[in-house]
Every structure is written in C-alpha cells, then in structure tokens.
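Asker: okay, predicted coordinates and the sequence, questions at the end:
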Amino acid sequence: MNSVLFIFILDSAVNVAGHAADFTHLDPLANITMGGPTEAQDCHRHPELKRKVYSALQEGDEGELSIGIPAQVVLKQSGHSSSGNMFRNDVATPEPQTPSFPQTQATTPEFSPITINISYSLRNPADGFEFVLPSDSYPFRLPHAYTTPSSPDSARCWVPCLDNLWEKCTWEFEFVVPRYLEEHDTSRDDDEPSDAIPTMVVCSGELVEQVAHPYNSNKTIFLFSQPVLTSVQHIAFAAGPFHLLSIPPDSTAEETTGSSQPHIYAFCLPGHELFLNSSTSVLRSAMSFYTSECGSYPFGSYKVVFVDQLPTQRFDSATLSLLTTDLLHGEDAIEQAIETRHALSHALACQWSGINIIPKSWSDLWLVNGLASYVTGLFLRKLFGNNDYRFRLKKDMQRVLAWDVGGMPPICQPQVLDPPDSAALPFINLKAPLVLHILDRRLGKSGTSLGLSRVLPKLFLSAISGELQNNALSTHTFLRTCRKVSGVDPRSFAEQWIYGSGCPSFGFSASFNRKKMAVEITMRQEAPAAVALESNEILRPS
C-alpha cells in the first residue's frame, strides 16, 4: 500500500488548540532502495525487497505523523479510567474462562480533549480515493470522485486518522463542491441553466444541510453528521452529478410493525435513470425483512450510489454503499436482476453485521462476514423460494469441498493477529455461512430451540443497547450465547468446523440383492484434508 507521503501534501503548519505545533511526517517506504535500475529489476532480489517492505510497514504501524504539543497548551486531567484488557483474546475456547480470584484493574488518567487542525491536500492519489475523468477511450464519461478501499487500512491514504477498525468516533463533514458540473456565467439572469447538471455529495451519516456558498455562487456546501460511533474504515463519500431516487416506504410493513421505516435513497449518474428504479426495488423489502428478523436498523438512513470504475463490485460503509454501474439493469432483465438483488441485499445486511457489529479480532472476521451472508440467504429464500435457496447451498457446498482439501486454514485462527489475505478471505466468506447453517440445524435438533433465529436478535439487540462492548463480537461470545439460548454444548462443533479445517464428503449407492431380496445401501465417507495432513510430515501430528 502506498504511504501517506505519496498522497498527502501538508500545506501549512499543524495547529493544536489554536497554536502552531511542530510535526514530523515520516514515510516508512521512502528509504527502501534496491541499488541501480538494473539491480532493482532483478527478480531474484524479490525476497530481499519483500523483507524490507514488511519491516518498513511494521514501523509505519506505529505512526507516520508525529505531532508535538505546544507549551501553550495545558493538558488538564479530567478523571481516571480502567485500563483492563478490553480485547482479551478469549476466542480459543467456546466455554467461559475458569473462575479465579478477582484482580484489581489498573487505572490510567484521562485528560480533557484537545482540537488538532491538520491542513493537507490530495494530489494524484494512487490509493484510497478515485477520480473518474473522461479519457480518449471514454470521452463522454462524466467526472465524479469517491473513496475506494484497496486494503483494510486504506483510510490513511485520504485522511489523517487512527486507521484502526476498533478506533471509533463521531463524525462531522463539510464538503464544498462546484454547484454545476460546468461553471456558468453568474451575470446571466436565469438562476439555473436548462442544461445544468447539479453536483451532489453523498456521505456516510445524515445530511444536515445543503446551502449555497456565501462568497461564491458557483459553489455549494454539504454538511453531514454521523452521530453513531464509527471507525474511519467505515467512512465513505462520493461526489458527482448524481440523479436521486427516493425509495418509498412499504405501507404493509409499516402497518405490521407500527413504527416508521428508515429512509432509503439511490443515486446514479445521468444516463442510468431508467435502470435505477428496477435495480433498487428490492431494498425496501430487504429492509423490512432484516428489521423483523435482526432488530431495528442501527442508523438513520441508507444510501446506495452507483459509480464507474469501482475496483470491486461493492464497498460498504456506514449508511452508504458504493456499487459498480455494472449492477444496473432494466425491467426485462433476468440473470442480472438475480445478481443485483443478491448484491444489494447483502450490502444492506452488512449494515447490521460488518458495520454496526465488528469482529473483536481479525480471527473473528469469519463470524461477522458469515452472519451477513447467512441472513442474506434467509432473505433470498423468502424472495426466490426454498428451491433456489437449497440449490445455492448445494453449489456453495460443492465449491467448499473442492477448495478445502488440505491446503486451506481454519476459518478461525485465534493465534493469527493479521487480517486474512486475498487468497484466504474468499474461502472464509464462502465457508462461514455454511458453518452457521450447520450450527442452526444442530441447535434446532435439541427440541427446545428454534436455532439461530433466537440467537441473532439477541446479538443485534445487545449491540444497539450498548451491552456488547464497542460492538465487537467474538467467537467465544457467540458460542456462549448459543449455549445459553439453546442449552446445546457447541464445543465439539467448534473444534471441528470453526477451529478445524477440512470438509468430509459422503457418497451413497444402492444395489438390489437378489438372494436376500433386499436393497443394500452403501455409504462412503471421504476426507481429502485428513489424507493430505497424513502425507505432510511437517503438519502431521507425532
């Protein structure tokens, strides 16, 4: 990932509480050299370059911008706070910890907050932010811009921040953009030209105010506020000449629940207006289903924006999802409509699990991503029918069986502290909802439980009420909740499917025995991962 020094140009000084402060901006990748041009292009030196990059990035995690507090700023102590290990690694076992003597928690002093003002600019950003402009291949493409996540810590590429998933705060944004896509002569009598395309800004949070610039009539100011504590990695915005569509509420669902429904808005670029309504019609029914199954929507509104040249199919953030324009379709589409409804329903489910509820550690990412995919599957079963749902399960199981043959790690590794790489993450996202489906069936067999249908509302309610600390969900907490609700001990299940790897496959065949006048059924079990483990001298247990 590019360091912030390639992205940020600090224009002036850094101010702390209104006083100029000394600062040091360090690029961890600036001092990496591989000799001359000929030596740098030698492919045999790749291990050396990789070692230097990893070492530099490890130093960069300690901070890239160091700010000294001026002597004029007085730090006033406001109290004390406990410094207990908030994110204790308790995911290694599904059972509660062994009781012990209570330990006194150390306290650390708390100080009054101070305001830090950092002036910076983005110039030709290579990561974190995308400017879409007309080109020779696409001369009629409309200019627009949006944030792009290329890695879990790409937010530092467009804003100075504590680029950490577990560092949350409230947000206030002020955007100053051109009023129209093209600047018009302000001396004309008409206030708004007939061919004018107004510029709009869509951001995470709620739109507080949209006003004209007090000193320049060719500019507009957008004010957004996000009162819910949100990580910077879940903040996004887009600016461009978007067309707005307000999705009306579901009158049937409102009469059933008796409460008002969140506002849902859809945005697209000019030229795609005819496809917007047919592409986003599923959002209102998905919102009604999730609120009835998972609890109240954790934010005030929800917005989807379709943009060009998005590196991935979708980028989910708080109250906002950025999607590629390839998902738009007309009313006569069939195959594309199924894919679009799946993508939109999953994007909305991530607002509950993935944005509002985050993993307690990177090893718990399987649970958060799996819950979003699992509830998405429940909605698609209601939308497309049970046959389509079972067909999707079958195809996913076949893909997992072909993938998990001994070379893939378990979906939860408590000892791993880094986020999963691009090779393991698709496998985790594929296997996690299947594991939850198996767990739901196993809990339902106890006779006293309805499966995960009783566990999920309890988890989402604890996140909204504040009982779930920092809204961080761990595998240990999830399995403990399952045991309390259903009375079923998930220890053996967790060891096999969560903390273990490999998937067994069963085959059945039938033959008629003429002598016994009976049908004989033969069952075969194959475990490719176990065979691969036995043949591996390093991983094979002694």
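Answerer: In hand now; what should we look at?
Asker: by mean pLDDT, point me to the weakest helix or strand of the protein.
Answerer: Each helix and strand of the chain was given a mean pLDDT (mean pLDDT, DSSP states H and E); the minimum falls on helix 251-257 at a mean of 59.
Asker: now the strands for the stretch 1-150 of the chain?
Answerer: Under the criterion DSSP state E, counting those that start in this stretch, strands of the stretch 1-150 of the chain are mapped to 8-16, 19-21, 23-25, 65-67, 77-82, 107-111, 116-122, 129-132, 144-147.
Asker: which other residues reach the last one?
Answerer: Put plainly, it is strand 144-147. 128-132, 158, 235-242, 269, 305, 307-308, 310, 315, 317, 322 (Cβ atoms under 8 Å, 6 or more residues apart in numbering). In short, each C-beta sits where N, CA and C put it, glycine included.
Asker: returning to what we had before: now render the strands of the stretch 1-150 of the chain as JSON lines, adding mean neighbour count and mean pLDDT.
Answerer: Listed next are the strands of the stretch 1-150 of the chain as JSON lines, based on neighbours: other Cβ atoms under 10 Å; pLDDT from 0 to 100:
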{"stretch": "strand 8-16", "mean neighbour count": "16", "mean pLDDT": "67"}
{"stretch": "strand 19-21", "mean neighbour count": "14", "mean pLDDT": "87"}
{"stretch": "strand 23-25", "mean neighbour count": "14", "mean pLDDT": "82"}
{"stretch": "strand 65-67", "mean neighbour count": "15", "mean pLDDT": "85"}
{"stretch": "strand 77-82", "mean neighbour count": "10", "mean pLDDT": "72"}
{"stretch": "strand 107-111", "mean neighbour count": "11", "mean pLDDT": "80"}
{"stretch": "strand 116-122", "mean neighbour count": "14", "mean pLDDT": "87"}
{"stretch": "strand 129-132", "mean neighbour count": "17", "mean pLDDT": "91"}
{"stretch": "strand 144-147", "mean neighbour count": "22", "mean pLDDT": "95"}
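Asker: V455: which of those strands is closest?
Answerer: Among the strands of the stretch 1-150 of the chain, the nearest to V455 by Cβ to Cβ is strand 77-82 (29.6 Å).
Asker: please pick the buried ones from the contacts of strand 144-147.
Answerer: 128-130, 132, 158, 235-242, 269, 305, 307-308, 310, 315, 317, 322 (16 or more other Cβ atoms under 10 Å).
Asker: does L461 really touch G295, like I thought?
Answerer: Yes: using Cβ atoms under 8 Å, L461 is in contact with G295, at 5.3 Å.
Asker: which one's more surrounded, these two?
Answerer: G295 (19 against 14; other Cβ atoms under 10 Å).
Asker: run through the residues that contact the more buried one.
Answerer: G295 is in contact with 352, 457, 460-461, 464, counting by Cβ under 8 Å, 6+ apart.
Asker: now the end-to-end length of stretch 181-197.
Answerer: 6 Å (Cα to Cα, to the nearest Å).
Asker: now it: average pLDDT?
Answerer: Averaging pLDDT along stretch 181-197 gives 63.
Asker: what is the neighbour count of I247?
Answerer: 20.
Asker: ignore the last one, S251
Answerer: 9.
Asker: how about P178, nearest residue that isn't a chain neighbour?
Answerer: In space, and not counting its chain neighbours, P178 is closest to T199: 5.4 Å by Cβ to Cβ, 6 or more residues apart in numbering.
Asker: beta partners for F23?
Answerer: In this entry, F23 is beta-bridged to I67, by DSSP bridges.
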